[in-house]
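A.B. asks: pasting the structure only:
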């Protein structure tokens, strides 16, 4: 999806109002923890996830809890299946070996993927599991570049691992401030948490005004986000939590943003 829009911003002059024209590209971003394709009825249904994605027609999709060829999903390559259905480019960042296959984060993109990287995130807490952030660099129309990250942070009550994971993500992403960046995913942290506070020191939270995202049937906690960097590159046009209660145990979040 490639759209150029013009924003007209009212500015105050000494006597009469003037309109400043801002040109940019609209990008629709979806973040979705898909619970390895298992829906709220306990059934594997990757088609249900695909249906959600197709319904909103995003440009970039950050997926968490994705299985690749594990026994629990009958050896299916879930990202390849989603790519085949949606017609999007795909990247899988494996966080760990699991059940005869892999488990991690995925990315779907309307734009060609130029570079890929799987960023290992520290997990030292008792009961923690390996986590990662999948990062791609995509080529936008006009040959400009955009970095996009799908992240899944630690789930434990103790925030120590999440704080360390946030710092690793910052180390890997903020070194190229000239290249626009989107970080989306399941942060397993509430808006008032220290982890989110650190991210918001550097990023614009495109989902700041949204309500809870988990659990899907009766959401009580907001733990899914879309963050934008560098702040001067972006304008948030709209965002929402999709009222999807069955396909996964998380509700997906979507943000429509303007890259200036």
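C.D. replies: Arrived safely, thanks for sending. For clarity, every value in this text was computed on a predicted model and none was experimentally measured. Numbering: from 1, shown residues only.

A.B. asks: what residue lies at the spatial centre of this protein?
C.D. replies: In the chain, the centroid-proximal residue (C-alpha atoms, centre = their mean) is residue 184; its distance is 2.6 Å.

A.B. asks: and that residue, which of the three is it?
C.D. replies: Secondary structure assignment for residue 184 (DSSP: H, G, I helix; E, B strand; the rest coil): strand.

A.B. asks: My read is that it contacts residue 31, right?
C.D. replies: Yes - between residue 184 and residue 31 there is a contact under C-beta atoms under 8 Å: 3.9 Å. Quick note: C-beta positions are derived from backbone N, CA and C, even for glycine.

A.B. asks: which residues do these two both contact?
C.D. replies: 62, 150, 225-226 (C-beta atoms under 8 Å, 6 or more residues apart in numbering).

A.B. asks: Which of these fall within strands?
C.D. replies: Among the shared contacts of residue 184 and residue 31, the members found in strands (DSSP state E) are 62, 150, 225-226.

A.B. asks: Which members of the residues you listed are the farthest-apart pair?
C.D. replies: Greatest spatial distance in these: 150 and 225, 11.6 Å, computed using C-beta to C-beta.

A.B. asks: joint contacts of the two?
C.D. replies: Contacts common to residue 150 and residue 225, judged by C-beta under 8 Å, 6+ apart, are 31, 184-185.

A.B. asks: Which of the residues you listed sits closest to residue 170?
C.D. replies: Comparing the shared contacts of residue 150 and residue 225 against residue 170 with C-beta to C-beta places residue 185 closest, at 14.3 Å.

A.B. asks: ok, that closest one touching residue 64?
C.D. replies: Yes - using C-beta under 8 Å, residue 185 makes contact with residue 64 at a distance of 5.6 Å.

A.B. asks: Common neighbours of the two, please.
C.D. replies: 31, 33, 105, 150-152.

A.B. asks: From the residues you listed, list just the buried residues.
C.D. replies: 31, 33, 105, 150-152 (16 or more other C-beta atoms under 10 Å).

A.B. asks: Columns distance to residue 53 and pLDDT on top of the residues you listed, output as JSON lines?
C.D. replies: Shown next, in JSON lines, are those (distance: C-beta to C-beta, whole Å; pLDDT from 0 to 100):
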{"residue": "31", "distance to residue 53": "11", "pLDDT": "98"}
{"residue": "33", "distance to residue 53": "13", "pLDDT": "98"}
{"residue": "105", "distance to residue 53": "15", "pLDDT": "98"}
{"residue": "150", "distance to residue 53": "13", "pLDDT": "98"}
{"residue": "151", "distance to residue 53": "18", "pLDDT": "98"}
{"residue": "152", "distance to residue 53": "18", "pLDDT": "98"}
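
A.B. asks: show me the contacts for residue 180.
C.D. replies: 145-147, 228-230, 233-234, 259 are the contacts of residue 180 under C-beta under 8 Å, 6+ apart.
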